[in-house]
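Q: Structure here, sequence nowhere to be found:
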């Protein structure tokens, strides 16, 4: 069943149209990859789903409800969490304070919070080791784990990941994707924007390739992996 | 010798406590919004005028003081709603102008509806009492100022470190957009910051006007200036910097008061500001390094 359905999405930054027409659907529990060159509209799509941007035209339907137009806080409560590519940790807060803030919307549920943070520390042991360090002193890879764990503290049904491997060394990239794989043990749905096409297609079931604000190709991940003109879509030849 | 040291220490500490609270009230809004609240001095003014207006009422002084603080808190929140919220998203310049305008509005309201002349405010008897330490006669009020400041600073530090509200305030101060994306309600955080700012202003007014004994419409200018300078030398991004800046400024002021020759005393402010300029030339970002910012990748 499609937990996320986007129809006819159009998003502009003022006069500049970043997303011209996007239709996509993601099934519950699936990992769908959103690929494409820089400027293709991938981050814009995620921001529109998360409510940080308002679409000019189109509908975004989550779990049967229309969510475009809602404030970011409301969309978070519906169960959609976004991890932006800027890796915005709160640098002066400790790792555990960052995580605690991630669970802000469930702050009244003390017991649930303890369970969640325990789960995150099990999944990301390095965060437990650094739990009282200021987040700004963590390495890039550790900060990436922190922002993912922090987003998970809000107990999302849909996780939007924007370029988690950006700027990380290959061994760290593998680690991050290992984490993503482990996150899927529950029926978490993930929409993953990635520049690292190989890694993304290895773990995704479905993939969409965007070009110039529209869907240029879509299909099962293994089919997309076989497309030879993927290069031309990326390089615009 | 030891007596002048005691005198100096208590003077500097009590003045420093006031300056530190003044600075903290200003920097708590600056930290989150990156905007200076030019109507901050007027929060102290309205607290003073509340005391004046309640003078002669059957209420005990302590209750009057609490009312004054409450009015300062409400005015702080009102400042946000009137001068900041409508223009916050649009333009930084607009906010400077609206907060300045609100400050002028409040001052002129006092001028029109009360009086342009100074008005005396009720003070509790305890403020006129003195205490002997060694051979020095110290106003009890000064010791109360120090004690109150220490309590408030400790309480505030605890609030910021332990409670989820404090964590949210600190997070909003460094990454406002990200805090919103985690569900932290933006308006609530900002209003809380203004309310806390009003609380500090109200407390300052009790003890600071308690030294002067009266209030005029323009009384807010000096605390605003002090808060500004203390914050800048302490480092504008750091709360502890504002506190340290406040105490440092008080030490400078008190030292100059004691050591300047008589004929130069009226130029004391010029000396103070010259020293501030020197500090800023040597350390433009302020004395305390700001919070850790930026990622290490």
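A: The structure has been received and is ready for your questions. The model shown is predicted, which means the values in this text are computed figures rather than measured ones. Residues are numbered from 1 along each chain as shown, chains lettered A, B, ... in the order given.
Q: Which residue ranges of the stretch 1-150 of chain B form strands?
A: B:119-120, B:130-133, B:136-139 (DSSP state E, counting those that start in this stretch).
Q: Chain A against chain B: which residues are in contact?
A: Residues of chain A lying close to chain B by Cβ under 8 Å from any Cβ of the partner chain are A:50, A:52, A:72-73, A:76-77, A:82, A:84, A:87-93, A:97, A:100-102, A:104-105, A:107, A:134, A:136-140, A:143, A:150, A:154, A:167. Glycine gets a C-beta too; all of them are placed from N, C-alpha and C.
Q: Any of the residues you listed buried? List them.
A: The neighbour count (16 or more other Cβ atoms under 10 Å in any protein chain shown) marks A:50, A:52, A:72-73, A:76, A:82, A:84, A:87-93, A:97, A:100-102, A:104-105, A:107, A:134, A:136, A:138-139, A:143, A:150, A:154 as buried among the residues of chain A next to chain B.
Q: Just the residues you listed: which are in helices?
A: Here DSSP state H is the test, and these give A:50, A:72, A:73, A:76, A:97, A:100, A:101, A:102, A:143, A:150 as lying in helices.
Q: burial of residue B:278, as a residue count?
A: When neighbours are counted by other Cβ atoms under 10 Å in any protein chain shown, residue B:278 registers 10.
Q: and the gap between it and chain A?
A: Noted for residue B:278: a distance of 29 Å to chain A, by Cβ to the nearest Cβ, to the nearest Å.
Q: Which positions within the helix or strand in which that residue is found qualify as buried?
A: Here residue B:278 sits within helix B:268-282, counting by DSSP states H and E. Neighbour counts using 16+ other Cβ under 10 Å place B:271, B:272, B:275, B:276, B:279 of helix B:268-282 among the buried residues.
Q: Next: stretch A:32-39.
A: Residues of stretch A:32-39 classed as buried by neighbour count (16+ other Cβ under 10 Å): A:32, A:33, A:34, A:35, A:36, A:37.
Q: hang on, isn't the last one packed against residue A:216?
A: Read that as residue A:37. No: with contact defined as Cβ atoms under 8 Å, residue A:37 does not count as touching residue A:216 (10.1 Å).
Q: what about the helices in the chain?
A: Assuming you mean chain A. A:42-50, A:72-78, A:95-102, A:110-123, A:125-129, A:140-152, A:170-183, A:197-203, A:221-226, A:230-235.
Q: my question was about chain B
A: B:2-33, B:40-54, B:61-79, B:92-113, B:140-162, B:164-174, B:176-181, B:186-212, B:221-234, B:239-259, B:268-282.
Q: want to try JSON lines for those, with mean pLDDT as columns?
A: JSON lines is the format used below for the helices of chain B (pLDDT from 0 to 100):
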{"stretch": "helix B:2-33", "mean pLDDT": "89"}
{"stretch": "helix B:40-54", "mean pLDDT": "93"}
{"stretch": "helix B:61-79", "mean pLDDT": "94"}
{"stretch": "helix B:92-113", "mean pLDDT": "90"}
{"stretch": "helix B:140-162", "mean pLDDT": "90"}
{"stretch": "helix B:164-174", "mean pLDDT": "87"}
{"stretch": "helix B:176-181", "mean pLDDT": "84"}
{"stretch": "helix B:186-212", "mean pLDDT": "91"}
{"stretch": "helix B:221-234", "mean pLDDT": "89"}
{"stretch": "helix B:239-259", "mean pLDDT": "89"}
{"stretch": "helix B:268-282", "mean pLDDT": "86"}
